[in-house]
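Novice: Need coordinates for the below:
(2 chains)
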Amino acid sequence: MPIVLDCVLTKARPPLTVEVALTLTPGRWALFGPSGSGKSTLLSCIAGLENPDRGHIRYDGEDWFPPPRPLNQRALGYLTQKERLFPHVSVAENVMFALKPPERRRERPWIEELRSGLGLTDLWEMDARSLSGGQARRVALARTLCRRPRLVLLDEPFAGLDRPLVKALAGVLRAWQEALGFTLLAVDHDPLMLAALCPQVLAIEQGRLVQRGPWAELIARPATPALAALLALDPWTDT
Amino acid sequence: MRARWGQTLALAGVSVVLLTPLFGLMAPVGAWRWSASSTPSALATSFTLTGLALVIVVLAGTPLAWSLRTAPKPVRTAFEAVVLLSVLMPPLALGLLLMLAFGPQSALGVLLLRLGIPTSNSTPAFVATQVYASFGYYLLAASAAFNAVPRELEHSAALLGLGPWAVFRRVTLPLARLGLATAVSLAWVRALGEFGAIMVTSYYPHGMPVQLWVDLQDRGLSAVLPLLVVFLLTALPLPWILHLLSNRAHRA
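Specialist: The predicted model follows:
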C-alpha cells in the first residue's frame, strides 16, 4: 500500500514553493527539516486540507488528487499541530468519535489498548475542554489511531510532552505500527523526537527533499549545511 | 470589590430604565376589564400562526445560514445586503410594500387568489407577513452562530471519516446551538410582536398586537392592560428558557 506523491504547491505567505516527488511504503518515516521548510504543508496536502497547484497524489491505487478526494474518503489518520478536540464531548467520546456503536463494541479491546497505552484511563470521562496541553495531545493521538487508519500522519506528535513520556509513547507507537502495519509519516524539527519513533528519514529544505535514508547516514553525511547545523544543535549528538 | 459593586449598580440602573414602561401597569386607569370573548381567540391566533411562521423560518433559514459560509464572497456580501434591507425595513413600510407586491390588486395576488390563497386578511397573509418580518433576523443570527464554529473541527471530523451530514449533525449543530437558540428567540419575539406590517396585510384574523390596538380604540386602557399582561406572560417564557439554557450550557 504505497503512497505516491509528485506535486507542486506555491504558498504566498511566507513565500514558499513545495515541490516533492516520493513514494512511501509501509513503515515509519520521519519528515525532518528546519521550520518553514514545508513539512506541515506536505502533510496537509496528503490529508486534503490543501490542494497542490499541479501534480498527483495516489494511495493504494486510489487517486487522491486530482481531482481532490473528499476528506472523509481518505483512509488516513491525521494528527495536526493543534489538537482540535471536540469541546462539546468527553475524552472517551472524542477518542471514539469516528466509530459507530457496533464498531465501538467490536473495537473494545483496541480502544482499551489505546486508553492504557496512552495513559488516558484517568481522563476517560473528563470534559475535553479541561485537559492540559500534553493530555489533549495524547487524546488527539488516540482519536487519530482509533479507526486503525492505513496511513498515519503525525505533525509534531510529541509537542508539549516531557522526555520520559515521549520515550514511552514512541515505544507504544512503534509497537502499534509493527502490529497493524500502517504507513507512518511523522513531522518534527526536533531530530530527537523523530529518531525515537522512525528509523527512516526524509529531509526537506525550502520545499524540496534533499536527503533520504537512515538517521545514521543523515548524521554522518548531511546533504546541506542547514541540515548539518540542525543536527549539530541537537544536545544528544553533542554528547 | 468596589468595581463589582459599581458594575452591579450600573446594571441595576439600566434595568430600572428598561423596566420603567412596565410601571405604567400601575397607572390609575380604573378597574381592569377582561375581554373574555376576544382574548382567547387573539392568543390562539398569535401563538398558532407565530409557531407556524417560526417553523417555516427555521426550516428555510437554517440550511441557508449554514450554506452561506461556503458561498463565494461577492455572492455572500450581496445576499447579506438584501437581508439587511429586509431587517431595516420599517414595519409599516414592509406591510405597504407586501400589499403592493402580493395584495389583491397585484398580478401576483390575483394569481394566488385563483390558486385559493387569499393574500389579504387571511391566515396565509398573516403567516407570510410574520415570515417576512422575522426571517432576516433569524438568518443573520444563525449565520453568526455557524460562523463561530471553527472550520478546523469540521475538518477533523471529516478526516475521521464522517460525511457532510454527520459532520453537521455531530459537530456543527451542537457547537452552534447556543447561537441558534438566540436566533430562534429573536425570530419568535420579532414575529409575535409584529404590528405595523400585520395591520396592513392581515387586520383579520386579530393577533394579540392588533387586538391590543382594537381594544385601546374601542374600550380604553383599562381593557388593554390585562391583555398586555397576558401577552407578556405567555410570550416571554420561550426566549427566557432558551436564554437560561444557553447560559447553563456556557457554564457547563
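Novice: all contacts plus neighbour counts: C-alpha atoms, from now on.
Specialist: Noted.
Novice: what residues are up against the most centrally placed residue in chain A?
Specialist: The centre of chain A sits closest to residue A:154, judged by CA atoms, centre = their mean, with a distance of 1.2 Å. The contact partners of residue A:154, taken as CA atoms under 8 Å, 6 or more residues apart in numbering or on different chains, are A:78-80, A:184-187.
Novice: now, among the residues you listed, which is nearest to residue A:232?
Specialist: Residue A:232 lies nearest to residue A:187 out of the contacts of residue A:154, by CA to CA, at 18.7 Å.
Novice: Please name the strands paired to the host helix or strand of the closest one in the sheet, noting orientation.
Specialist: Counting by DSSP states H and E, the element that carries residue A:187 is strand A:183-188. Strand A:183-188 has the following sheet partners, assigned by DSSP bridges: strand A:27-32 (parallel), strand A:151-155 (parallel).
Novice: a markdown table for the ones you listed, including distance to residue B:219?
Specialist: Shown next, in a markdown table, are the strands paired with strand A:183-188 (distance: least, CA to CA, whole Å):
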| stretch | distance to residue B:219 |
| --- | --- |
| strand A:27-32 | 83 |
| strand A:151-155 | 74 |
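Novice: At the contact with chain A, which residues of the stretch 101-250 of chain B appear?
Specialist: B:152-153, B:155-163, B:171, B:174-175 (CA under 8 Å from any CA of the partner chain).
Novice: Now the two most distant members of the contacts of residue A:154.
Specialist: Farthest-apart pair in the contacts of residue A:154 is A:80 and A:184; separation 13.8 Å (CA to CA).
Novice: Compare those two (neighbour count), which wins?
Specialist: Legend: neighbour count by other CA atoms under 10 Å in any protein chain shown for residue A:80 and residue A:184, higher for residue A:184 (26 against 22).
Novice: So residue A:96 sits against residue A:104, correct?
Specialist: Yes - in terms of CA atoms under 8 Å, residue A:96 counts as a neighbour of residue A:104; the distance is 7.2 Å.
Novice: Between those two, which has more neighbouring residues?
Specialist: residue A:96 (22 against 17).
Novice: Over to residue 217. Which of the three states is it?
Specialist: I went with chain A, as the question did not name one. With DSSP: H, G, I helix; E, B strand; the rest coil as the basis, residue A:217 sits in helix.
Novice: hmm, I had chain B in mind actually
Specialist: Recorded secondary structure, residue B:217: helix (three-state DSSP).
Novice: If you tally nearby residues, what's the number for it?
Specialist: 12.
Novice: how about it, what does it touch?
Specialist: Going by CA under 8 Å, 6+ apart, residue B:217 touches no other residue.
Novice: what's the longest helix in chain A?
Specialist: Ranked by residue count and defined by DSSP state H, the top helix of chain A is helix A:163-180.
Novice: Contacts for that helix, please.
Specialist: So helix A:163-180 is in contact with A:27-28, A:117-118, A:148, A:158, A:183-184, A:193, A:196-197, going by CA under 8 Å, 6+ apart.
Novice: Which residue comes closest to the residue in the stretch 51-200 of chain B that chain A sits nearest to once chain neighbours are left out?
Specialist: Nearest residue of the stretch 51-200 of chain B to chain A: residue B:161, at 4.0 Å (CA to the nearest CA). Closest residue to residue B:161 apart from its sequence neighbours, by CA to CA, 6 or more residues apart in numbering or on different chains: residue A:72 at 4.0 Å.
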